[in-house]
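>>> Sequence plus predicted model, see below.
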Amino acid sequence: MRRALLSIIALMCISTLSAREPLYVVNGRVVDDIKHIPQEDVESIDILPANETTIAEWGEGASEGVILIRLVYDTPARFDVDGYDNYTSFLADNVKWEDKMPAARVSLRLTIDTEGRATISEVLQSTSRSFLRRVTTAIESSPRWEPAMRDGKAVESVVLVNLLLPEGKRLPAEHAVILQ
């Protein structure tokens, strides 16, 4: 009995290891994975079964089915200004927050409009009002982005930004009192 159970477990492990994933197609292009796509960028998802029609259209890679994902844009918004290819690095260099100050963090959802202007659409987390004000000032005075494009036209998009300053410094531990 124990040997049969071990054989079943071994077969399950082997099939799990050899199981293939479906074919991912994002905006008409086959991609290796979709883990990097923010949820707010997805406009629609269609799932095609692993049948003869799907395999005939998409090839042998579709033998486990196809997941078609349509994003709200063809190309995402890009911040590529004065050598910065990363908006967080730009903010870190332009927010006035000295090394002697306590560590502070903000997590923001920014909207990049069709003109490339970044505005805060939601504050997800802020450990310091003063830090948030300084980050807001840096965002308001920052150069414009290259907006997201869809079908050759600029479209509004959403970007998540997480900033912790001073860099390399840890946030102080939070203390809580539990009342019963």
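On my side now, so go ahead. Residues are numbered from 1 along each chain as shown.
>>> Which parts of this structure are helices?
2-18, 52-58, 87-94, 129-140 (DSSP state H).
>>> Need the nearest residue in space to the residue most central in space within the chain, chain neighbours excluded.
Nearest to the mean C-alpha position of the chain, by Cα atoms, centre = their mean, lies P38 at 3.8 Å. Distance criterion Cβ to Cβ, 6 or more residues apart in numbering; nearest residue to P38, sequence neighbours excluded, is L160 at 6.5 Å. Glycine gets a C-beta too; all of them are placed from N, C-alpha and C.
>>> bridging residues for the one you found?
Bridge pairing for L160 (DSSP bridges) gives the partners R109.
>>> Please list all residues in contact with it.
By Cβ atoms under 8 Å, 6 or more residues apart in numbering, L160 lies in contact with P38, S107, L108, R109, L110, L124.
>>> wouldn't the first one be in contact with V161 here?
What it means is P38. No: the criterion here is Cβ atoms under 8 Å, and P38 misses it with V161 at 11.9 Å.
>>> What pLDDT is listed against Q39?
On pLDDT, Q39 comes in at 84.
>>> for the one 5 residues further on, same thing?
As summarised for this prediction, S44 has a pLDDT of 92.
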